[in-house]
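Sequence and predicted structure are below.
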Amino acid sequence: MADACTDWQWAEMGFGETTVTLDETITRLATAADALAEFEAPLVAGMDRFAGYHRRFAGALERAGTDPAWITATDRDSCHRAWFEFHENLIASLGLAR
C-alpha cells in the first residue's frame, strides 16, 4: 500500500525515473484492498471498531478510476486515509507506540 501510494505521488510530481500509470496503481491498490478485506474480517469478529475500513478503501479505489485524487488526497476519504486510519487503529489496539 505504502509503496503504491508513494510511487503514484512521485510519478504525479514528475520525480524519479519510473513512470507509474493510473491503471498500474489501481491494480496494486486492488491487491491491497483484497488483503485488507481478509485481514479485517477476523479483527471485526473481536473488535467492532475495525468494521468498514475495507468498504471505505474499496469505495475510494473505485472512484480513483475517474478521479485519481481518491488515491492519496487528504481532503476526502481516500485510499491512503482509510489505510492510514486502519493502521493507526491497529497500532493502538496492539498497545504499540510509533
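All right, it came through fine.

residues in contact with the closest residue to residue 20 other than its chain neighbours?
For residue 20, ignoring the flanking residues on the chain, the nearest one in space by C-beta to C-beta, 6 or more residues apart in numbering is residue 11 at 4.1 Å. C-beta coordinates here come from the backbone N, C-alpha and C atoms, glycine included. Under the criterion of C-beta atoms under 8 Å, 6 or more residues apart in numbering, the neighbours of residue 11 are 18-20.

Filter those down to the ones in strands?
Among those, no residue falls in strands (DSSP state E).

Return the closest of those residues with respect to residue 35.
residue 20 (19.6 Å; C-beta to C-beta).

residues touching the closest one, list them.
Residue 20 touches 7-8, 10-11, counting by C-beta under 8 Å, 6+ apart.

ok, back up a step: mean confidence (pLDDT) on the helix or strand containing the residue nearest to residue 20, please.
Using DSSP states H and E, residue 11 maps to helix 2-13. Average pLDDT, helix 2-13: 90.

Repeat that for stretch 58-75.
Rounded mean pLDDT across stretch 58-75 is 96.

Now residue 68: closest residue in space, sequence neighbours ignored.
residue 22 (5.6 Å).

helix, strand or coil for the nearest residue to residue 3 once chain neighbours are set aside?
Sequence neighbours aside, residue 28 is the residue nearest to residue 3 in space, at 7.7 Å (criterion: C-beta to C-beta, 6+ apart). Following DSSP: H, G, I helix; E, B strand; the rest coil, the label given to residue 28 is helix.
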